[in-house]
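> Here is my input; please provide its structure:
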Amino acid sequence: MIPLSDGKPIIREGKRGTKARWGKKVKKPRKKDLAVVKVVRRNIDGNVSNKTNKTVISVKGGNQRVNQGHAIDIHGPCRMFYSHEPRDDKGGARVWLETYFDVDVFVNEDWQAPLELGCMTKM
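Residues are numbered from 1 along each chain as shown. I've put the predicted structure just below:
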């Protein structure tokens, strides 16, 4: 027989093995771990008009310096935001990505385009 209390089993933590994880709160990521990805429109316009190849993707993570590149690889879920009014804390950006996972930044020479993009679908 399993001992019950209010119709639910009574569970005690054992002495050996892995520790119980139920009832414990999940740690919330710290704000300084947040990475923000933006597109630098000024560089895109300059590349078109001057026929240059400046980096157009900017990644800033918490207390890190800004990394810039031509491509990024995000190792986990991310969230995309759009604001009708430009945000001052995002450098005037209207669209940006935020993630708590690692972001690899590639400059044009380092990045190879994948042959198949499994996550891309036709609309």
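> wouldn't S83 be in contact with R94 here?
Yes. Using Cβ atoms under 8 Å as the test, S83 is close enough to R94 to be in contact (5.6 Å). In short, each C-beta sits where N, CA and C put it, glycine included.
> So these two - more neighbours on which side?
Applying other Cβ atoms under 10 Å to S83 and R94 shows that R94 carries more neighbours, namely 14 against 11.
> Distance of that one relative to H75?
Separation of R94 from H75 (Cβ to Cβ, to the nearest Å): 26 Å.
> pull the helix or strand with minimum mean pLDDT from the protein.
Scoring the helices and strands of the chain by mean pLDDT, DSSP states H and E places strand 8-9 at the bottom, with a mean of 80.
> buried residues in stretch 34-53?
35-38, 40, 43 (16 or more other Cβ atoms under 10 Å).
> which residues touch stretch 56-70?
Here stretch 56-70 makes contact (Cβ atoms under 8 Å, 6 or more residues apart in numbering) with 30-40, 43-44, 47, 53, 55, 71-72, 103, 105-108, 111.
> Just the ones in helices from the residues you listed, please.
In helices, judged by DSSP state H, the following of the contacts of stretch 56-70 are found: 43-44, 47.
> what would the residues you listed look like in JSON lines with pLDDT?
What follows is the ones in helices among the contacts of stretch 56-70, written out as JSON lines (pLDDT from 0 to 100):
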{"residue": "N43", "pLDDT": "87"}
{"residue": "I44", "pLDDT": "86"}
{"residue": "N47", "pLDDT": "86"}
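> how about low-confidence regions in the chain?
Scanning the chain for pLDDT under 70 picks out the ranges 20-32, 62-65, 86-91, 109-123.
> Can you show me the strands along it?
4-5, 8-9, 35-39, 57-61, 67-69, 71-74, 79-82, 95-99, 103-106 (DSSP state E).
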